[in-house]
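Undergrad: Need a 3D model of the sequence below.
(2 chains)
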2 protein chains.
Amino acid sequence: MSGGSVGEDEKPDFSERFRQDFETLLKWRRDVRRFRTDPLPTGLLDHLLHLADLAPSVGNSQPWRVVIVESPDKRSEVTACFEAENETAANTYDDNKAALYRQLKLSGLKEAPVHLAVFSDEDPAQGHGLGRMTMPETLAYSTVSMIHTFWLAARAEGVGVGWVSILDPAAVSEILQVDESWRLVAYLCVGFPEEEHIDPELERVRWQSRSPLETRLFRR
Amino acid sequence: MSGGSVGEDEKPDFSERFRQDFETLLKWRRDVRRFRTDPLPTGLLDHLLHLADLAPSVGNSQPWRVVIVESPDKRSEVTACFEAENETAANTYDDNKAALYRQLKLSGLKEAPVHLAVFSDEDPAQGHGLGRMTMPETLAYSTVSMIHTFWLAARAEGVGVGWVSILDPAAVSEILQVDESWRLVAYLCVGFPEEEHIDPELERVRWQSRSPLETRLFRR
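TA: The predicted structure is shown next:
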């Protein structure tokens, strides 16, 4: 958009400046585990969820189901679930790696002011089944696109997101008493980050660096 | 970023203008099925893939494996696979819906100048297994984040992306002769769109409209 902002019915033409800033957003996104405890400004979570709802979905099914977890008891139960699974995971590594694993901070569940459990409906009426007959997992993939949209929109507001996957999905569904047709896709911690980085924490602590894209590209 | 562009080591502070343009990007993204046949400018595909490679991944595993499908024979085989599965899908609807289904244009496989088959490695060494013990599907979810990043970055350049999911994943893996540990996540058509819209085609043809976010939000 070279001139002013683009209207609803005007085909957008994004500027080089926008593309540069978008690249900066991608580079600084990060999975955040160190949160400040202060709440988000009023209305911001709702705004971010509305932006995330613009994500693509198979057959326009919009299968994401977002549970805002406010109950301190339920948050504690989810945190206990994480701690148990995290200890189990630590025990699968041999000595040196296990010691490093135990030093990692892998969730901000105790500090983050907002907890979101994001589920995917495995058989939504919306969409009339289009596009998911041979690959039903595209429903969960649609929900991932929604989560990723939320993540980027949050970061553009200075808000951090951390995706906690070290959880037993069945236990989380039981704690939150959700519909049986919902599959847990992610448990998100959301809040202002304590610190910001252009490199992943797993790189800084020497757990795992990124590798060159060329190793992941193939031609046929 | 209120002033100039942000450097590599300077914490970014995104502007209101950037956030408005990002919202416009989300609103105009679209799943494209009507492509012009002219190629992308030299270097643009490579640039977009490098941006997509900045996507989040479980344990920093970067499990995505991208196959650029250039062979006309292999493209034809994939297109035939789509056509067969699409006819099977059409036959599952009753008369009125089947007639509407058959009018839908659900892929741009014959016109799009770029075909990408995106797979996810189900057991990558990178990441040392971190974060995926209880939810191994987070590998495929990481690959979806990469695809969604590519999609947004492409649209910011005026390039359209269409996600084809009406395919037999095993058949595509066989056509492209990929590693057995790879799972097909998406087959993407990429190119300049013939037309641009702020609303999904499935809404315009009255297959499925979007519904209010509030129906997907819950509190516990």
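Undergrad: Grab the longest strand from chain A for me.
TA: Secondary structure of chain A read by DSSP state E shows that its longest strand is strand A:182-191.
Undergrad: So what are the sheet partners of that strand and their directions?
TA: strand A:114-121 (antiparallel), strand A:160-164 (antiparallel) (DSSP bridges).
Undergrad: Most tightly packed of those strands?
TA: For these, the largest average neighbour count (mean count of other C-beta atoms under 10 Å in any protein chain shown) is found in strand A:160-164, namely a mean of 26. In this view, the C-beta of every residue, glycine as well, is placed from N, C-alpha and C.
Undergrad: how about that strand as CSV, C-alpha atoms only?
TA: What follows is strand A:160-164, C-alpha atoms only, in CSV (Å, rounded to 0.1, in the frame of the first residue of the first chain):
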residue,chain,number,x,y,z
GLY,A,160,4.3,-13.1,23.7
VAL,A,161,2.9,-16.5,23.1
GLY,A,162,4.3,-19.8,24.3
TRP,A,163,3.0,-23.2,23.0
VAL,A,164,3.0,-25.9,25.6
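Undergrad: Give me the contacts around it.
TA: A:30-33, A:35, A:82, A:106-109, A:112, A:147, A:150-151, A:154-155, A:186-193, B:56 (C-beta atoms under 8 Å, 6 or more residues apart in numbering or on different chains).
Undergrad: Are any of those residues buried, and if so which?
TA: Buried residues within the contacts of strand A:160-164, counting neighbours by 16 or more other C-beta atoms under 10 Å in any protein chain shown: A:30-33, A:35, A:82, A:106-109, A:112, A:147, A:150-151, A:154-155, A:186-193, B:56.
Undergrad: Now, the contacts of strand A:160-164 that are in helices?
TA: A:Phe82, A:Ile147, A:Phe150, A:Trp151, A:Ala154, A:Arg155 (DSSP state H).
Undergrad: Not including adjacent chain positions, what is the nearest residue to the fourth one?
TA: If I follow you right, that is A:Trp151. A:Val161 (4.6 Å; C-beta to C-beta, 6 or more residues apart in numbering or on different chains).
Undergrad: Is the one you found bridged to anything, and to what?
TA: Assessed by DSSP bridges, A:Val161 has beta-bridge partners A:Val190.
Undergrad: So, low pLDDT: which residues of chain A?
TA: Under the criterion pLDDT under 70, the flagged ranges of chain A are A:1-9.
Undergrad: if I read this right, A:Leu202 contacts B:Gly59, doesn't it?
TA: Yes - if you go by C-beta atoms under 8 Å, A:Leu202 and B:Gly59 touch, sitting 6.8 Å apart.
Undergrad: which residues are common contacts for those two?
TA: Contacts common to A:Leu202 and B:Gly59, judged by C-beta under 8 Å, 6+ apart, are A:Gln208, B:Leu130.
Undergrad: ok, and the closest non-adjacent residue to A:Asp168?
TA: B:Thr134 (5.5 Å).
Undergrad: no, scratch that, I was asking about A:Arg183
TA: Excluding the flanking residues, the one nearest A:Arg183 by C-beta to C-beta, 6+ apart is A:Ser120, at 5.1 Å.
Undergrad: Would you double-check that the residue nearest to A:Asp168 falls in a strand?
TA: No - assessed with DSSP: H, G, I helix; E, B strand; the rest coil, B:Thr134 is coil; it does not lie in a strand.
Undergrad: Correct me if wrong: it contacts A:Val172.
TA: No - at 10.0 Å, B:Thr134 does not count as touching A:Val172 under the criterion of C-beta under 8 Å.
Undergrad: Between these two, which is the more surrounded one?
TA: Ranked by neighbour count (other C-beta atoms under 10 Å in any protein chain shown), B:Thr134 and A:Val172 place A:Val172 first, with 22 against 19.
Undergrad: how about that one, what does it touch?
TA: A:Val78, A:Cys81, A:Ala117, A:Leu184, A:Tyr187.
Undergrad: In three-state terms, label it for me.
TA: Going by three-state DSSP: A:Val172 is helix.
Undergrad: what's the spacing between it and B:Arg219?
TA: The gap separating A:Val172 from B:Arg219 is 15 Å, by C-beta to C-beta, to the nearest Å.
Undergrad: same thing with A:His50?
TA: Using C-beta to C-beta, we find A:His50 at a distance of 16 Å from B:Arg219.
Undergrad: Out of these two, name the residue with the larger neighbour count.
TA: In this view A:His50 and B:Arg219 are compared by other C-beta under 10 Å, and A:His50 has more residues nearby, 14 against 9.
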